[in-house]
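Participant: Structure for the following, please:
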Amino acid sequence: MASVGSWQLDIGSGRLRWSDETYRLHAVEPATFVPTLEAVLQRVHAPDRDAVQRWMSAVVAGLPTLYYTGYTPEAQVQCVATCADD
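Facilitator: A predicted model of the protein is given here:
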């Protein structure tokens, strides 16, 4: 079964807002983890970081789904799919 979280990026302020499920998928608590672009990129598998960073920069253009590998704080590997929606 898939777990689906969501997040929103306020382009003007750069602020990220995560759904409860996104916090669960990343195995972090809203009280102790502030989602920033930099913090999120640190949780992405190193070989995938450039692709994720390019995709994040192109979100405004509506780039389609991106797949990458991420990690929980306990170094558990996760396969992640993310897509832009206006």
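
Participant: Could you grab the helix/strand/coil label for the closest residue to Asp48 other than its chain neighbours?
Facilitator: The shortest distance from Asp48 to any residue that is not its chain neighbour, by Cβ to Cβ, 6 or more residues apart in numbering, is 3.9 Å, and that residue is Tyr68. Heads up, the C-betas are built off the backbone N, CA and C, glycines and all. The local conformation at Tyr68, judged by DSSP: H, G, I helix; E, B strand; the rest coil, is strand.

Participant: tell me the pLDDT at Tyr68?
Facilitator: In the prediction, the pLDDT value recorded for Tyr68 is 72.

Participant: Kindly report the same for the one 3 residues further on.
Facilitator: pLDDT, the model's per-residue confidence, is 74 for Tyr71.

Participant: for it, phi and psi?
Facilitator: Its backbone dihedrals place Tyr71 at phi -130, psi 150, with angles given as degrees, to the nearest 10.

Participant: Quick check: beta-bridge partners of the residue nearest to Asp48?
Facilitator: Per DSSP bridges, residues listed as beta-bridge partners of Tyr68: Val80.

Participant: dump the residue contacts of it.
Facilitator: Residues in contact with Tyr68 (Cβ atoms under 8 Å, 6 or more residues apart in numbering) are 44-45, 48, 51-52, 79-80, 82.

Participant: what about it, distance to Ala75?
Facilitator: Per Cβ to Cβ, to the nearest Å, Tyr68 is found 16 Å from Ala75.

Participant: returning to that earlier point: identify those among the contacts of Tyr68 that sit within helices.
Facilitator: With helices defined by DSSP state H, the entries of those inside them are 51-52.

Participant: what's the burial count for Arg43?
Facilitator: The number of residues packed near Arg43 is 19, by other Cβ atoms under 10 Å.

Participant: try Trp55
Facilitator: Neighbourhood size, Trp55 [other Cβ under 10 Å]: 19.
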